[in-house]
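[1] this is a predicted model, with the sequence first.
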Amino acid sequence: MSTSHADRPKAARTDTTPPARPGWPEVIVGTLAALAALPAIRLFGLVGLDEDPVAYGLVLTAWSGVAGLTGFAVAALIRIRSWGAFSVRRTSGRWVLIGVAAGIVALLLKGLLNTGIIAVTGFSADPQGAYGDAAGGGVLPLILTFVFLSVLTPIGEEFFFRGVVTNALLRYGPVIGVLASSVFFALVHGINLAFPSALVVGIIAAEVMRRSGSIWPAVIVHTVNNLALPLLVLLTGAADTAAV
């Protein structure tokens, strides 16, 4: 006797069906892969590269994007082959403009927040001073800093933190999905002056991705935010605006 599709056990129909969104396996394994990529930066110190602040700053500037892409690639290879499950899909011109506007808002908000924190605590140590060293090293290092901070890092970090982590946590609702993933994103940057900046950018980028359904407006938010440092160096020769 043949069995109709409707009569088959539900488990038999879904065992080989990939999940519609990433879950804890992708978050955990992807995080481990991204964190494993970070200590590799110390290898450059073994060959003396850390003695050149410009060269070492360029490596540091690029490495957060490399680590993010590593985490995303490993997470995507586990069991989900559809990039759409990670919100890597086309977006509209309207959401591109919204991403630009949201990036400017994030830049202004984090600037006000950091100013307030510095005024109250007096703590102003720059955890990302190496980025400024790279950008201030001449024309070519400045161009590379633009590329690393405004293209590589936004794509790498957004693909992992929003594409994997936020999408996984959104199964628990928009508040938990957006806030929890943003706190995680900020913690990875360390407990320092970069933390509030990363938190603000993370919340805005995650919400823009959630509402648009695409990772690209979030990448634009991140890009607009990170453009501030190399632009500041280009215009004034100073570098005191934190990137994330």
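    Structure's in. What do you need? Residues are numbered from 1 along each chain as shown.

[2] run through this protein and note the low-pLDDT ranges.
    1-18, 40-51, 236-242 (pLDDT under 70).

[3] next SSE after the longest helix along it?
    The longest helix of the chain (DSSP state H) is helix 93-121. Next helix or strand after helix 93-121 toward the C-terminus (DSSP states H and E): helix 129-135.

[4] list the helices and strands that next one packs on?
    Applying 3 or more Cβ pairs under 8 Å, 6 or more residues apart in numbering; DSSP states H and E, one finds that helix 129-135 contacts helix 53-78, helix 139-147, helix 228-236. Where C-beta positions appear, they are placed from N, C-alpha and C, glycine not excepted.

[5] could you list the buried residues of it?
    130, 131, 132, 133, 134, 135 (16 or more other Cβ atoms under 10 Å).

[6] check which helices and strands the longest helix of the chain sits against.
    Helices and strands touching helix 93-121, by 3+ Cβ pairs under 8 Å, 6+ apart, are helix 194-212, helix 216-226.

[7] before we move on, the earlier item: tell me which of the helices and strands packed on helix 129-135 sits most buried.
    Of these, the one with the most neighbours on average (mean count of other Cβ atoms under 10 Å) is helix 53-78, at a mean of 21.

[8] by contact count, what packs against that helix?
    When contacts are defined as 3+ Cβ pairs under 8 Å, 6+ apart, helix 53-78 packs onto helix 24-37, helix 42-46, helix 129-135, helix 139-147, helix 153-157.

[9] quick check: next helix or strand after the last one?
    Read it as helix 153-157. Per DSSP H and E, the first helix or strand lying C-terminal to helix 153-157 is helix 167-169.

[10] quick one: contacts of that following helix?
    Contacting residues not belonging to helix 167-169 are listed as 21-24, 26-27, 85-87, 176-177, 180-181 [Cβ atoms under 8 Å, 6 or more residues apart in numbering].

[11] now a PyMOL select for only the buried ones of these.
    Buried residues within those, by 16+ other Cβ under 10 Å, are selected in PyMOL with:
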select buried, resi 21+22+23+26+27+85+86+87+177+180+181
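
[12] show me which of the buried residues of helix 129-135 is closest to residue 196.
    Among those, residue 131 lies closest to residue 196 (Cβ to Cβ), at 17.1 Å.

[13] is that closest one in contact with residue 233, as I believe?
    No. Applying Cβ atoms under 8 Å as the test, residue 131 and residue 233 come out as separate, 9.2 Å apart.
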